[in-house]
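*Asks:* Take this sequence and fold it.
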Amino acid sequence: MNATAEATTEHAAGAAPASPAGPIDAAELARLPLPPARRLPRAAQVIWFGQRQWNFVFANRARFGDVWGARGYVPGRAAVTCHPDHIQSIFRAPPEQVPTLAAESPLRPVLGPDSVLTANGPRHLRQRKLLLPPFHGEAIARYERMIAEAAEREIGKWAVGKPLALAPRMQAITLDVIMAGVFGIEGRPKPNTPEGRLRLAIRQVVRSSTLPGAKLAELMNLGHDEPFGLTWLALLIPDRCIHAVIAKRRRDPDLESRGDILSLIMRARTEDGETLSDRELRNELMTLVLAGHETTANQLAWTWERLVRTPDAHERLVAAVRDEANDAEEVIEQTITESMRSRPVIPMTGRRVAAPWRLGDYGVPAGTPVAMSILLLHHREDLYPEPFAFRPERWRDRKPGTYEWIPFGGGTRRCLGAALAMAEQRVVLRAMARRLDLEATTSKPERPKHRNVTMIPAHGGRVVVRARRG
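*Replies:* Model (predicted):
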């Protein structure tokens with residue numbers, strides 16, 4: 001049966017030309033060519049992609065167009081696409097047709113094979129259902145107070161006139177939020193307590209991912225369910241700390257009344273009455289810590305890296321916040337949206353199609369990894385005029401398209417913490433714009449640096465605080 005999907009267009013002004021995409025039958029697959037690809041050894045492509053993903057994807061887009069082939073971390077010849085119709089066909093497909101590639105990534109041994117990020121099928125849906133309530137509605141409103149307190153506490157420490165890298169400073173804020181929201185640990189716990197040791201261990205595991213051996217450790221862990229070698233060593237202490245906090249929480253007489261995420265998911269039950277084991281709790285907590293801590297922090301660093309090099313956007317934000325303008329919230333939202341468009345911390349997401357799939361003029365067989373380049377999608381000139389310019393005002397009368405702006409992924413695998421991440425960014429951006437006058441340390445933009453599955457500012461988003469208010 002021919003099931004080619006003629007994707008419905010939800011594109012806004014400057015729509016991309018329609019491109020057929022979706023599952024197809026064997027006869028149609030036989031008529032379509034495979035996506036073109038460079039004749040480079042897999043090892044060369046892995047190194048190029050891992051060290052310079054920005055250059056890798058833009059160079060291939062310039063040579064081949066919207067769809068091309070590559071060999072990377074996961075087994076098989078992958079197809080890479082950046083067309084919104086192709087992305088729509090994958091995000092709208094039933095989950096069993098498009099299992100996530102996160103299950104095969106270097107994240108699998110770190111987060112475990114059964115976390116909400118790495119699991120597929122019924123396991124993923126079960127975990128997602130258990131974790132969803134703490135990330136919506138009233139819960140987000142409660143977290144905003146924690147975020148504001150953490151932001152004010154951190155900003156108050158910054159010295160005037162001295163350069164600082166924003167990424168680690170933002171990580172201090174988001175770690176406080178994670179500790180309070182996820183573990184129910186507010187303020188700075190004493191170092192000799194299980195909570196204090198956990199906080200220190202989380203900082204150390206994030207810091208270890210920046211060390212020279214981190215990339216080698218990633219490659220060594222491919223194909224493993226459990227951490228191996230250097231990764232096992234880096235996780236040894238954090239794992240012990242997480243299990244100590246879980247054990248302490250299980251003994252807590254107030255467990256039933258606590259509102260933190262650990263307590264909520266510890267009490268949660270599936271329709272069959274099942275609860276999460278200690279190992280499952282560990283995997284979900286590690287996922288929430290690593291996915292929600294460093295990513296949001298680096299997105300905030302990218303936002304300021306862009307703002308201090310774009311005077312008009314910077315001045316517009318600061319004026320709106322300090323004057324308490326009627327459109328201040330809209331300006332904050334536009335700034336965040338544009339930052340996540342131009343510098344998405346997660347630059348690529350992927351699925352392994354379970355059926356033959358059409359991607360425009362090309363076809364790929366069942367079992368093909370299909371990578372969706374968020375970076376390329378967000379820099380399409382037909383969707384975003386002057387795509388390399390930082391222009392928050394482009395969002396003044398426009399909402400992000402479901403398949404055109406995807407920093408949180410999409411479909412059934414859209415990031416659970418998206419609402420919390422946006423709340424963190426709004427609160428911290430407002431606090432910094434209100435209290436600080438910031439400048440760039442150099443006029444040259446910071447190049448993207450790729451670490452694990454993230455794209456971060458090469459120098460951490462370095463700025464100078466010129467003046468402090470309040």
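
*Asks:* Number of residues surrounding H136?
*Replies:* 12 (other CB atoms under 10 Å). For the C-beta atoms, the positions are set from N, CA and C on the backbone; glycine is no exception.

*Asks:* which residue sits closest to it, ignoring its sequence neighbours?
*Replies:* Spatially, and ignoring its direct neighbours in sequence, H136 is nearest to A419 (6.2 Å; CB to CB, 6 or more residues apart in numbering).

*Asks:* Checking V289 next. Helix, strand or coil?
*Replies:* Here V289 is helix, with the state taken from DSSP: H, G, I helix; E, B strand; the rest coil.

*Asks:* show me the residues around the residue nearest to H136 that make contact.
*Replies:* F135, H136, I140 (CB atoms under 8 Å, 6 or more residues apart in numbering).

*Asks:* tell me which residues in the helix or strand hosting it are buried?
*Replies:* Following DSSP states H and E, one finds A419 within helix 418-435. Residues 419-433, 435 are the ones in helix 418-435 that count as buried (16 or more other CB atoms under 10 Å).

*Asks:* likewise stretch 369-378?
*Replies:* Within stretch 369-378, judged by 16+ other CB under 10 Å, the buried ones are P369, V370, A371, M372, S373, I374, L375, L376, L377, H378.

*Asks:* Identify, from these, the entry nearest to L317.
*Replies:* H378 (20.2 Å; CB to CB).

*Asks:* any idea how far the closest one lies from S342?
*Replies:* Going from H378 to S342 by CB to CB, to the nearest Å gives 7 Å.

*Asks:* any common contacting residues for those two?
*Replies:* Joint contacts of H378 and S342 (CB under 8 Å, 6+ apart) are P387.

*Asks:* Next, P23: phi, psi?
*Replies:* phi -70, psi 140 (degrees, to the nearest 10).

*Asks:* which secondary structure elements does the helix or strand hosting A43 contact?
*Replies:* Per DSSP H and E: A43 is located in helix 42-51. Using 3 or more CB pairs under 8 Å, 6 or more residues apart in numbering; DSSP states H and E as the contact criterion, the elements in contact with helix 42-51 are helix 53-64, strand 67-71.

*Asks:* Give the rounded mean pLDDT of the shortest one.
*Replies:* Strand 67-71 shows an average pLDDT of 96 in the prediction.

*Asks:* Residue ranges in this structure under the pLDDT threshold?
*Replies:* Along the chain, the parts satisfying pLDDT under 70 run over 1-14, 209-224, 228.

*Asks:* re earlier: so which of the buried residues of stretch 369-378 sit within helices?
*Replies:* I374, L375, L376, L377 (DSSP state H).

*Asks:* R250: which of these is nearest?
*Replies:* Nearest to R250 among these, with distances taken as CB to CB, is I374, at 39.0 Å.

*Asks:* Relative to L300, how far out is the residue lying closest to R462 once chain neighbours are set aside?
*Replies:* Excluding the flanking residues, the one nearest R462 by CB to CB, 6+ apart is T441, at 4.6 Å. According to CB to CB, T441 stands 17 Å off from L300.

*Asks:* How about A139?
*Replies:* Distance from A139 to L300, by CB to CB: 21 Å.

*Asks:* The two - which one has more neighbours?
*Replies:* L300 (28 against 17).

*Asks:* any idea how far V345 is from the more buried one?
*Replies:* 10 Å.

*Asks:* likewise I173?
*Replies:* 15 Å.

*Asks:* Can you tell me the centre-most residue of the chain?
*Replies:* I346 (4.4 Å; CA atoms, centre = their mean).

*Asks:* Which phi and psi values does that residue adopt?
*Replies:* According to degrees, to the nearest 10, I346 has phi -100, psi 100.

*Asks:* got a list of what it touches?
*Replies:* Residues near I346 by CB under 8 Å, 6+ apart: T295, I374, P407, G409, V453, T454, M455.

*Asks:* Would you confirm that the first one contacts T454?
*Replies:* Yes. Proximity of T295 to T454 meets the contact threshold set by CB atoms under 8 Å, at 6.4 Å.

*Asks:* can you list residues touching both of the two?
*Replies:* V345, I346.

*Asks:* Looking at these two, which has the bigger crowd around it?
*Replies:* For T295 versus T454, the count of surrounding residues by other CB under 10 Å is larger for T295: 22 against 19.

*Asks:* so how far is the host helix or strand of that one off the chain centroid?
*Replies:* Per DSSP H and E, T295 falls inside helix 278-307. On the basis of CA atoms, centre = their mean, to the nearest Å, helix 278-307 sits 7 Å off its chain's mean C-alpha point.

*Asks:* Identify, from the buried residues of helix 418-435, the entry nearest to A79.
*Replies:* Of the buried residues of helix 418-435, the one sitting nearest to A79 (CB to CB) turns out to be A421, at 28.8 Å.

*Asks:* Disregarding flanking residues, what is the spatial nearest neighbour of the closest one?
*Replies:* Per CB to CB, 6+ apart, closest to A421 is T296, 4.8 Å.

*Asks:* Tell me how many other residues crowd the one you found.
*Replies:* Count around T296 with other CB under 10 Å applied: 26.

*Asks:* Show me where the stretch 251-400 of the chain has its strands.
*Replies:* Using DSSP state E, counting those that start in this stretch, the strands of the stretch 251-400 of the chain run over 348-352, 357-359, 362-364, 369-373.

*Asks:* For the third one, name the packing helices and strands.
*Replies:* Using 3+ CB pairs under 8 Å, 6+ apart as the contact criterion, the neighbours of strand 362-364 among helices and strands are helix 26-31.

*Asks:* mind listing what's buried in the helix it packs on?
*Replies:* Result for helix 26-31 [16+ other CB under 10 Å]: buried residues E28, L29.

*Asks:* Can I get that helix as PDB, trimmed to CA atoms?
*Replies:* Extracted C-alpha coordinates of helix 26-31, given in PDB (Å, rounded to 0.1, in the frame of the first residue of the first chain):
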ATOM      1  CA  ALA A  26       8.500  -1.300  -1.200                       C
ATOM      2  CA  ALA A  27       7.500  -0.400  -4.800                       C
ATOM      3  CA  GLU A  28       7.800   3.300  -4.200                       C
ATOM      4  CA  LEU A  29      11.000   2.900  -2.300                       C
ATOM      5  CA  ALA A  30      12.500   1.100  -5.300                       C
ATOM      6  CA  ARG A  31      11.800   4.100  -7.500                       C
END
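
*Asks:* elements contacting it?
*Replies:* Using 3+ CB pairs under 8 Å, 6+ apart, helix 26-31 is in contact with strand 362-364.

*Asks:* Now K129: closest residue in space, sequence neighbours ignored.
*Replies:* T270 (7.3 Å).

*Asks:* what's that neighbour in contact with, if anything?
*Replies:* T270 neighbours (CB under 8 Å, 6+ apart): R126, K129, L130.

*Asks:* Please list only the buried members of those.
*Replies:* R126, L130.

*Asks:* a markdown table for the contacts of T270, including distance to P17?
*Replies:* Formatted as a markdown table, these follow (distance: CB to CB, whole Å):
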| residue | distance to P17 |
| --- | --- |
| R126 | 40 |
| K129 | 38 |
| L130 | 42 |
